[in-house]
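>>> Give me coordinates for this.
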Amino acid sequence: MEPIRVTCVDGESEYVIVAERARRCQGWTRSGTLFMIDSPRHFLLYCSEMPHVRVRVCLLLLPALLAGCAGGGAHHRSPSLTRHAPQRVALLPFVITMTYHGERAKALPDDHLLGRDILRQTFYHNLAMLGYDDVSLAAVDDALASFGPAWLSATPQALGQRLRVDAVIEGDITRIQSSSTLVYTGTAIEATFRMVDTRTGETLWRTRVKEAEQGGLLMQKGQAADFLKDQKRSHDVAAMFQRASDVIVRRALRKLPDPARTAAQAREAARAAPTATRPRLAMLPFTAQHTTWLEAAHQMRQIVGATLHEGTFDVIELRDVEAVAQELWGEGAPTADQLQRLARELDADLLLAGQATKLGRAYLVVHSQVDAGLGLSLIDPKTGTAIWEDAEQRTRRAGLLKLPTGYVAVALSPLKGIQGRHLKRVQTHVARELAQAMIQAPEVQQYLQTRRAQR
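Numbering: from 1, shown residues only. This is a model prediction of the structure:
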């Protein structure tokens, strides 16, 4: 079989594919065998019936074309990570490694730089909720400034000495895309993350993850409401990259072990913590109205913590709070005295309690919906009173209420609407919006002003 010569048209460039670098993709069976190489812009189609046909393919359609061949990302975890997990880690600046052509090769597009930075910030805020002692992004960037561009080729040992960490986490973005036209809207990110031991240079953990979301007329989602939302959302590039980054980071970090912390380690960390200019916040383990919702409550707690991190509050490590709470009251409900003791031992100025109040999926043949609800209460441990409390609930619907555009959409849209990814997205929105509402609440702002005046 001879390869078809493929021209990828993005208004600037043609691409000639190198077969030697290709790998077979099992997802394509209609007209031949599809091969992919490292860059998602490059692919090779073998077809025995039309060996000399010249095929023109728009780059904007590649995510849809390749959706069936994506598969899971490569994952590696060294036994050393389990035996001797690093304590102090630093998240290095992420690097875009995809190939650019034409004018884009001269300078990285602004939207790609924005997406890169959003992905790193999202990764860091979620990493901070795990049991690692993480270095702030600002501190990492300041330390690397003395290296200059040479930090990219520095050894893990040199980086470890400069940053004073046990491990560094690298991020290579091999694909990043943001497109918006009347007929197509799309955001895509593919990245590889690695944790490297700065003493031995060993790769302790590696994972490759990707996320792509397409909309517009060409995607034929089948619901007029979704088409209108796609068009409205496409004008906010930061929001589109944030949605993709949330999924990418969640998938990546669920494969990274979360080191356990003892109550003794938690108390030691509190004593060693520098004097905070921001109120120290201890997020209590979230509860749920039903025991089957506890996992979702845990996930929403991490999202709230990631949203609050490096903002108005100095969020205490979640693992530290869990360790002390387990020792003081176990699985039961805490008393006022136990909450005060936890605050003293962790040097916490405020406590945040949360409860999952709603979680579920409903399928009614021509209509479906997913629901998530969360309640938060910000507590002054000295008095035991709530400074602020509120609850939020969010619903995502699919089916007749979103104006399906045909009989197929009437049947399939409700089924697609109850997929787990939609429920997780609703959970993320509820947790993030409620955390942001807490920061902006007049009662909380008044507390912060009073605290600053007293210092």
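>>> Sketch out the helices for the stretch 151-300 of the chain, chain order is fine.
Listed in chain order, the helices found in the stretch 151-300 of the chain under DSSP state H, counting those that start in this stretch are 156-163, 224-233, 237-253, 263-272, 294-308.
>>> The longest one: which residues count as buried?
Right, helix 237-253. Along helix 237-253, these residues count as buried under the neighbour rule (16 or more other Cβ atoms under 10 Å): 237, 240-253. Just so you know, the C-beta spots here come from the backbone N, C-alpha and C atoms, and that holds for glycine as well.
>>> so which of the residues you listed comes closest to Q436?
Taking Cβ to Cβ as the measure, Q436 lies nearest Q242 of these, at 12.7 Å.
>>> My understanding was that that closest one contacts L119; is that so?
No. Using Cβ atoms under 8 Å as the test, Q242 is too far from L119 to be in contact (9.2 Å).
>>> Using PDB, list the CA coordinates for stretch 80-87.
Coordinates of the C-alpha atoms in stretch 80-87 are reproduced here as PDB (Å, rounded to 0.1, in the frame of the first residue of the first chain):
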ATOM      1  CA  SER A  80      10.700   4.400  44.900                       C
ATOM      2  CA  LEU A  81       7.800   6.800  45.000                       C
ATOM      3  CA  THR A  82       5.800   4.500  47.300                       C
ATOM      4  CA  ARG A  83       8.800   3.500  49.500                       C
ATOM      5  CA  HIS A  84      10.300   7.000  49.900                       C
ATOM      6  CA  ALA A  85       7.900   9.700  48.700                       C
ATOM      7  CA  PRO A  86       9.500  13.100  48.400                       C
ATOM      8  CA  GLN A  87       8.400  15.600  51.000                       C
END
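>>> For that stretch, report the contacting residues that lie outside it.
Taking Cβ atoms under 8 Å, 6 or more residues apart in numbering as the criterion, the residues outside stretch 80-87 that touch it are 132-133, 165-167, 195, 197, 200, 202, 204-205, 257, 259.
>>> Please export the C-alpha coordinates of stretch 139-146 as CSV.
Below are the C-alpha coordinates for stretch 139-146, written out as CSV (Å, rounded to 0.1, in the frame of the first residue of the first chain):
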residue,chain,number,x,y,z
ALA,A,139,9.3,31.3,44.7
VAL,A,140,10.1,28.8,42.0
ASP,A,141,10.1,31.4,39.3
ASP,A,142,12.4,33.8,41.3
ALA,A,143,14.9,31.0,42.0
LEU,A,144,15.0,30.0,38.3
ALA,A,145,15.5,33.6,37.2
SER,A,146,19.1,33.4,38.2
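>>> What residue spans form the domains of the protein?
Taking automatic domain parsing as the reference, the chain has its domains at 6-69, 75-253, 263-454.
>>> Which of these comes out lowest on mean pLDDT?
Least confidently modelled of these is domain 6-69, at a mean of 34 by mean pLDDT.
>>> what comes up buried for the longest helix anywhere in the chain?
With DSSP state H applied, the helix covering the greatest number of residues in the chain is identified as helix 420-440. Residues of helix 420-440 classed as buried by neighbour count (16+ other Cβ under 10 Å): 422-432, 434-435, 438.
>>> would you turn the helices of the stretch 151-300 of the chain into JSON lines with distance to S377?
As requested, the helices of the stretch 151-300 of the chain are arranged in JSON lines below (distance: least, Cβ to Cβ, whole Å):
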{"stretch": "helix 156-163", "distance to S377": "38"}
{"stretch": "helix 224-233", "distance to S377": "32"}
{"stretch": "helix 237-253", "distance to S377": "25"}
{"stretch": "helix 263-272", "distance to S377": "22"}
{"stretch": "helix 294-308", "distance to S377": "12"}
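>>> So which of those helices is nearest H112?
Go through the helices of the stretch 151-300 of the chain one by one with Cβ to Cβ and the one that ends up closest to H112 is helix 237-253, at 9.4 Å.
>>> who touches that closest one?
Defining contact as Cβ under 8 Å, 6+ apart, one finds that helix 237-253 is touched by 111, 114-115, 118-119, 122-123, 126-127, 130, 178, 187-189, 191, 193, 207, 209-213, 233-234, 421, 424-425, 428.
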